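**Q** this one's structure only:
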């Protein structure tokens, strides 16, 4: 973990309530796709944890959805500097992916898969990406994944674009050696049950401190409770114990 003062280089709207922010940081300290940063916002007590979409040339790209006071405040920032904790979380391990991994993202679970996709393709893997949204107006980053060289599938719940249904409706019809995913818990549960291989699941969780001190975001596993912000957010399929 490293505390940085990051300059806002870009903060643009991708969809009705999803924004892309690019931050300049002298030492980003991002070592693996799937890690996150924790942003301090003026007038708000708790920092806001946001997954890293990409990190290139000391520039951190994040994509966030406006869901409350913190992210609403962020959406109005056009310049200035932010106090940011970087290099948080464990991130994804690409060494175990096999030759044709599949990446599944739902909504704002999509962003961390972009940096992961870049890394897997650089390693010579044939990557498939399944992006899930509620409707066509919510879709973002489809083209960006295609430009990386991935096979991209899009699903919408209402059928207004791509395959009607959920990411698991595409997953059952493709071949893959391993899976990586990030998204809301109902989607993660569905992928856990539908998947035919081992995989890694990144959990979206409300956090207090963001670096393991408060135990506010623990998850039950076969080896005991793990903190999503510290030992996670990425957990192996085989270690997860789902709470009823």
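**A** Noted; the coordinates are in hand. Remember, predicted model here, so these are calculated numbers, not experimental data.

**Q** for the rest of this, base every contact and every neighbour count on C-alpha atoms.
**A** OK.

**Q** what's the longest strand in this protein?
**A** Longest strand of the chain, by residue count under DSSP state E: strand 2-13.

**Q** and it, how far out from the chain middle?
**A** 18 Å (C-alpha atoms, centre = their mean, to the nearest Å).

**Q** which positions in that strand come out as buried?
**A** In terms of neighbour count (16 or more other C-alpha atoms under 10 Å), strand 2-13 has its buried residues at 3, 4, 5, 6, 7, 8, 9, 10, 11.

**Q** quick check: the gap between the fifth one and residue 240.
**A** If I follow you right, that is residue 7. 38 Å (C-alpha to C-alpha, to the nearest Å).

**Q** hmm, back to that, export the buried residues of strand 2-13 to JSON lines and tack on distance to residue 87?
**A** Putting those into JSON lines (distance: C-alpha to C-alpha, whole Å) gives the following:
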{"residue": "3", "distance to residue 87": "9"}
{"residue": "4", "distance to residue 87": "10"}
{"residue": "5", "distance to residue 87": "14"}
{"residue": "6", "distance to residue 87": "13"}
{"residue": "7", "distance to residue 87": "17"}
{"residue": "8", "distance to residue 87": "18"}
{"residue": "9", "distance to residue 87": "19"}
{"residue": "10", "distance to residue 87": "20"}
{"residue": "11", "distance to residue 87": "21"}
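
**Q** ok, now which ones touch the residue most central in space within the chain?
**A** Central residue of the chain (C-alpha atoms, centre = their mean): residue 112, 3.3 Å from the mean position. Going by C-alpha atoms under 8 Å, 6 or more residues apart in numbering, residue 112 touches 33, 34, 35, 51, 52, 53, 54, 182.

**Q** over to residue 43?
**A** So, once contact is read as C-alpha under 8 Å, 6+ apart, residue 43 ends up touching nothing.

**Q** what residues does stretch 233-243 touch?
**A** Stretch 233-243 is contacted by residues 34-35, 89-92, 192, 198-204, 220-223, 227-228 when judged by C-alpha under 8 Å, 6+ apart.

**Q** show only the entries of those found in helices.
**A** residue 192 (DSSP state H).

**Q** returning to that earlier point: any idea which of the contacts of residue 112 is closest to residue 105?
**A** residue 182 (5.2 Å; C-alpha to C-alpha).
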